[in-house]
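Undergrad: When you get a sec, could you give me coordinates for this:
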Amino acid sequence: MNKVILLVEDNPTDEKLTIRAFGKCNISNEVVVARDGAEALDYLFATGSHVGRDTTQVPAVILLDLKLPKLDGLEVLRRIRADSRTQTVPVVVLTSSKEDEDIARSYSLGANAYVRKPVDFAEFAEAAKTLGLFWLLMNEPPRQVR
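TA: Predicted coordinates for the structure are as follows:
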């Protein structure tokens with residue numbers, strides 16, 4: 001099964017660059033975009049506009065911005081790790097924040113990686129490509145125990 005990538009990103013330019021970078025390196029997984037923290041949680045937990053979605057189908061990886069409308073990325077991460085359905089899903093914080101406190105809080109809340117968004121398109125594309133290849137092809141996720 002082709003697992004979904006959940007991209008939680010409110011900046012349309014960064015969203016397009018990430019999706020384009022995945023396409024350039026032949027990552028064909030579906031990318032579901034949530035444009036704020038509340039929408040990301042609705043998708044993950046099948047609430048709001050995502051009622052009825054099969055929550056046993058968890059994303060292969062979540063790329064999470066920190067500076068989001070409605071609910072910030074750190075709160076989204078906290079809720080992801082607090083729920084047994086999503087606590088083992090890889091979460092990569094992909095943000096422009098350079099603040100040490102954001103880095104420390106992200107890891108203390110259970111982020112698997114923290115990647116600062118490069119400003120240069122070529123560097124951004126390379127970072128997205130590397131993230132996609134690692135988390136989709138190389139990483140061995142835990143088996144879901146039912």
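
Undergrad: Pass me the low-pLDDT residue ranges in the protein, would you?
TA: Across the chain, the ranges flagged by pLDDT under 70 are 1-2, 118-119, 132-133, 135-146.

Undergrad: Could you rerun that using 50?
TA: Scanning the chain for pLDDT under 50 picks out the ranges 145-146.

Undergrad: residue ranges of the helices in it, please?
TA: For the chain, the helices defined by DSSP state H occupy 12-24, 37-45, 73-82, 100-108, 121-133.

Undergrad: most neighbours per residue, which of the ones you listed?
TA: Most buried of the helices of the chain, by mean neighbour count (mean count of other Cβ atoms under 10 Å): helix 37-45, with a mean of 22. Every C-beta, even on glycine, is put in place using the N, C-alpha and C of the backbone.

Undergrad: Kindly calculate the angle that it makes with helix 73-82.
TA: Using axes from the mean of the first three to the mean of the last three Cα atoms, to 10 degrees, one finds that helix 37-45 and helix 73-82 are set 20 degrees apart in direction.

Undergrad: From the contact counts, what lies against helix 37-45?
TA: Contacts defined by 3 or more Cβ pairs under 8 Å, 6 or more residues apart in numbering; DSSP states H and E place helix 37-45 against strand 5-8, strand 31-34, helix 73-82.

Undergrad: got these as JSON lines, with distance to S108 columns?
TA: Putting these into JSON lines (distance: least, Cβ to Cβ, whole Å) gives the following:
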{"stretch": "strand 5-8", "distance to S108": "19"}
{"stretch": "strand 31-34", "distance to S108": "23"}
{"stretch": "helix 73-82", "distance to S108": "10"}
